[in-house]
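Q: sequence and computational prediction follow.
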Amino acid sequence: MACAFSLTRKEINRTCFTDEDAKEKELLHRNQYKTVKEALVLFQNDELESNPGSKYGYTTHGFTVLSAVLEGAADGKAFEKQVKELTKELGMHDTQLDLNLPLIANRSRYYYRKPNSVLVNVPEVDNSYKWAGGGLLSTVSDLLVFGNAVLYSYQSDPSAVPKPLLKSTTVRHFWTPALDKERGYGLGWVAEPRSEINGPKSRPWNRTNFFYHTGGAVGATSILLIKPNDGKEADGHPSGVCVSILINLQNASHGLLPLAQNIAQAFDASP
């Protein structure tokens with residue numbers, strides 16, 4: 001059964017699909033929104049899942065709300081313009097909104113596997129409803145630039161040269177688990193702070209002190225992971241390891257986090 005996407009997610013769930021079907025239909029969203037404010041209509045009339053501050057619940061739409069707040073705090077400067085200014089400042093020259101019509105050099109094709117493992121193209125979607133929560137194109141190199149900027153900010157004081165992107169206290173706040181301490185979710189980051197838990201006796205390394213976020217969208221899977229070198233302050237450059245993995249395949253997250261952790265451990269242990 002078809003359903004008009006002008007309905008809210010609650011209405012979609014109630015009138016057309018099961019919860020899982022509704023989630024899939026939402027992922028395949030094709031409406032175009034010219035502004036972040038316009039995109040809020042998709043969920044602005046939904047009932048609250050819980051009282052604010054009482055329960056953890058991950059939602060891509062939360063980042064859409066944050067981008068709207070950013071526009072308000074910047075006197076109405078469009079989120080797209082803010083992205084362009086930040087990526088230019090950091091030197092992330094291959095990062096931009098995932099607009100469908102422009103010809104973007106080296107843009108990957110996106111795939112998924114059918115239940116019989118046959119590889120096929122994903123349908124075209126419009127990510128303007130979630131620019132901040134999963135609508136950016138980037139490369140592993142650009143993501144490493146961003147990861148190193150965050151790592152340097154974490155280890156620097158405000159007077160450091162070059163000037164850090166963020167205050168160290170801000171990054172620490174982002175990396176502090178809030179309501180969901182079991183999953184370790186903070187503000188846009190999953191945190192696995194340092195502990196003394198060791199792995200198997202044959203390989204007794206410390207499998208903690210990682211900060212990361214994974215991503216999953218139509219035709220894509222990703223992770224950005226940071227492992228700071230604790231005990232060292234940034235002396236003009238970050239100290240630690242950043243790992244970025246991008247896959248142009250949907251639902252390819254199995255084993256992605258352990259892979260990123262293994263890579264970070266290997267580089268962290270190298271002389």
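A: Right, received. Where do you want to start? Keep in mind the model is a prediction, meaning the values are calculated, not measured.
Q: for stretch 81-100, measure first residue to last.
A: 18 Å (C-alpha to C-alpha, to the nearest Å).
Q: residues of that stretch that come out buried?
A: 82-83, 87, 92, 94-98 (16 or more other C-beta atoms under 10 Å). Heads up, the C-betas are built off the backbone N, CA and C, glycines and all.
Q: out of these, who's nearest residue 228?
A: residue 92 (20.8 Å; C-beta to C-beta).
Q: and what about the closest one, helix, strand or coil?
A: Assigned by DSSP: H, G, I helix; E, B strand; the rest coil, the conformation of residue 92 is coil.
Q: once you drop chain neighbours, what's closest to it?
A: residue 142 (4.1 Å; C-beta to C-beta, 6 or more residues apart in numbering).
Q: which helices and strands does whatever helix or strand that neighbour lives in pack with?
A: In this structure, residue 142 sits in helix 140-155 according to DSSP states H and E. On a contact count with 3 or more C-beta pairs under 8 Å, 6 or more residues apart in numbering; DSSP states H and E, helix 140-155 meets helix 79-90, helix 168-174, strand 220-228, strand 240-247.
Q: residues of it that come out buried?
A: 142-155.
Q: and the helices and strands packed on helix 140-155, which is most packed in?
A: Mean neighbour count (mean count of other C-beta atoms under 10 Å) peaks for strand 220-228 among the helices and strands packed on helix 140-155, with a mean of 23.
Q: pLDDT below threshold where in the stretch 101-250 of the chain?
A: 194-207, 231-234 (pLDDT under 70).
Q: go again using 90 as the cut-off
A: Low-confidence regions of the stretch 101-250 of the chain, defined by pLDDT under 90, span residues 157-159, 177-184, 192-209, 230-237.
Q: sec struct for residue 120, please.
A: Under three-state DSSP, residue 120 comes out as strand.
Q: which residues touch it?
A: Listed by C-beta atoms under 8 Å, 6 or more residues apart in numbering, the contact set of residue 120 reads 111-114.
Q: ok, it to residue 217 distance?
A: Applying C-beta to C-beta, to the nearest Å, the value for residue 120 to residue 217 is 16 Å.
Q: quick one on the thing from earlier: check what contacts the helix holding residue 142 and list those residues.
A: 87, 90-95, 160, 164-168, 170-172, 175, 222, 224-226, 228, 232-234, 237-240, 242-246.
Q: let's have the contacts of residue 120 in a markdown table, adding distance to residue 135 and neighbour count.
A: Formatted as a markdown table, those follow (distance: C-beta to C-beta, whole Å; neighbours: other C-beta atoms under 10 Å):
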| residue | distance to residue 135 | neighbour count |
| --- | --- | --- |
| 111 | 19 | 16 |
| 112 | 18 | 17 |
| 113 | 23 | 13 |
| 114 | 25 | 8 |
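Q: and these, which is closest to residue 37?
A: Nearest to residue 37, judged by C-beta to C-beta, of the contacts of residue 120 is residue 112 at 31.5 Å.
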